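Peer 1: sequence first, predicted coordinates after that:
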Amino acid sequence: EIVMTQSPATLSVSPGERATLSCRASQSVASHLAWYQQKPGQAPRLLMYAASTRATGVPARFSGSGSVTELTLTISSLQSEDFAVYYCQQYKNWPLTFGGGTKVEIK
Amino acid sequence: EVQLLESGGGLVQPGGSLRLSCAASGFTFSTYAMTWVRQAPEEGLEWVSGISDSGTSTFYADSVKGRFTISRDNSKNTLFLQMNSLRAEDTAVYYCAMAAITNWYFDLWGRGTLVTVSS
């Protein structure tokens, strides 16, 4: 099983600042990685797939980078609606696995 | 409107069974693989099970293998999850989700249904 480790667990950021979220895989996932955003009481929402491709309707301030075992989600200038929990998910191998999540909170 | 709507959650005793359903609308259900993902209270996301578009291929997390069965009825645009031998650690919100046409990431999610396993 590919273990996905996200860091940090919590990120305190001021509105307008940049946020960088890390996702590390225990073995190569190539670019078979997705990012999701989840707000309290809501289902997850797909942000990014293939490591760096934005899903439909996702603002350009979100970007994904990296491959193999080190992947990153960057939010260039945090807006109020971006404070949420973010999860990475690999779909390179079965079983599919999610990271533990990074909570982005207001500083 | 494109949507997924789960039902069938509730309170069940340890060792009991429950069958979840997920009704799809607004898209051609039979052309998409589907999955179940769960989230325990105050915890992260855990993938549970997946099924191919035709239903011929199924996949399970080790934590549910042998206890849960995923299936689908493409004539009724419905996904199912039969859960047997339920344990307290199965308590979670269960989401159904639609996989992308070419890969196993999920671009449409339902709102979830809560399963509570407790005596």
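Peer 2: Noted; the coordinates are in hand.
Peer 1: give me the mean pLDDT for stretch A:37-50.
Peer 2: In this model, stretch A:37-50 carries a mean pLDDT of 97.
Peer 1: now do stretch B:3-14
Peer 2: Averaging pLDDT along stretch B:3-14 gives 98.
Peer 1: again, but for stretch B:112-119
Peer 2: For stretch B:112-119, mean pLDDT rounds to 98.
Peer 1: center of chain B, which residue is that?
Peer 2: What sits nearest the mean C-alpha location of chain B, by Cα atoms, centre = their mean, is B:Trp36, with 3.0 Å.
Peer 1: which residues of chain B lie near chain A?
Peer 2: B:35, B:37, B:44-47, B:50, B:59-62, B:95, B:100, B:103-107, B:109-112 (Cβ under 8 Å from any Cβ of the partner chain). For glycine as for every other residue, the C-beta is placed from the backbone atoms N, C-alpha and C.
Peer 1: now, of those residues, which are buried?
Peer 2: B:35, B:37, B:45-47, B:50, B:59-61, B:95, B:100, B:104-107, B:109-110, B:112 (16 or more other Cβ atoms under 10 Å in any protein chain shown).
Peer 1: tell me the SS of the nearest residue to A:Trp35 once chain neighbours are set aside?
Peer 2: What sits nearest to A:Trp35 in space, not counting adjacent residues and going by Cβ to Cβ, 6 or more residues apart in numbering or on different chains, is A:Met48, at 4.1 Å. The three-state assignment at A:Met48 reads strand, by DSSP: H, G, I helix; E, B strand; the rest coil.
Peer 1: hey, where'd the strands end up in chain A?
Peer 2: A:4-7, A:10-13, A:19-25, A:33-38, A:45-49, A:53-54, A:62-67, A:70-75, A:85-90, A:97-98, A:102-106 (DSSP state E).
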